[in-house]
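Colleague: need coordinates for the following:
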Amino acid sequence: MKNLFKYLLLLIFVSVSGSVFAQKAPKFGHISLQEVIAVMPERDSAQKKLEVFAKELDAYMESMQVELNKKYETYLKDQKNLAELVRQTRETELQDMQQRIQAYQESARQEIEKKRNELMQPIVAKAKKAIDDTGKESGFAMIFESSALQFMAADVQDVMPLVKTKLGVKAGTAIAPQTAPKK
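Modeller: Purely as a prediction, here's the structure:
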């Protein structure tokens, strides 16, 4: 009876340990969020909107610069014939205009950055959701950001093709170079 109990206990231990060892090893993946965003069609649309916005701000700055140049040329032409008070007043006006242009450039740069963030936020959220959904659906334990990896074992899977499929992006779509709008 004691032997039967020992054999039964041994059989249970072997079957439980066998099922533990039979479990699959966790799957790990890697992906670059920037590469995902670069292949999304929404990114191109956002980039075009940002370029239009930046051109509008740039056009106004150029008109300010043209006005400053005209006033400066007029000042240089009339400088010798102006009374001291008038000359000082015009110099002050020119300096004030230059400062306004510089302040506008800084404000425009900030507005462009704000607009970029506003346009890209939903795109980034959609890309992250696609990565999360792909990870859950494909049984990944973790998906790492490729740009942060220093070492990657051979059994870590590139998740990009799965995410492209999830987003409906064609498999052959290459990564478009990101360009900043002209300032």
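Colleague: now do the helices in the protein.
Modeller: According to DSSP state H, the chain carries its helices in the segments 2-22, 33-39, 41-78, 84-138, 160-167.
Colleague: avg pLDDT for the third one?
Modeller: Pointing back at helix 41-78 there. What helix 41-78 shows for mean pLDDT is 95.
Colleague: distance between that helix and the chain's centre?
Modeller: Helix 41-78 has its C-alpha centroid displaced from the chain centroid by 25 Å (Cα atoms, centre = their mean, to the nearest Å).
Colleague: got it, and the fourth one?
Modeller: Computed by Cα atoms, centre = their mean, the separation of helix 84-138 from the middle of its chain amounts to 15 Å.
Colleague: mind giving me the packing neighbours of that helix?
Modeller: Here helix 84-138 touches strand 27-31, helix 33-39, helix 41-78, strand 140-145, helix 160-167, going by 3 or more Cβ pairs under 8 Å, 6 or more residues apart in numbering; DSSP states H and E. For glycine as for every other residue, the C-beta is placed from the backbone atoms N, C-alpha and C.
Colleague: the first one pairs with which strands?
Modeller: The one in question is strand 27-31. Using DSSP bridges, strand 27-31 pairs in its sheet with strand 140-145 (parallel), strand 157-158 (parallel).
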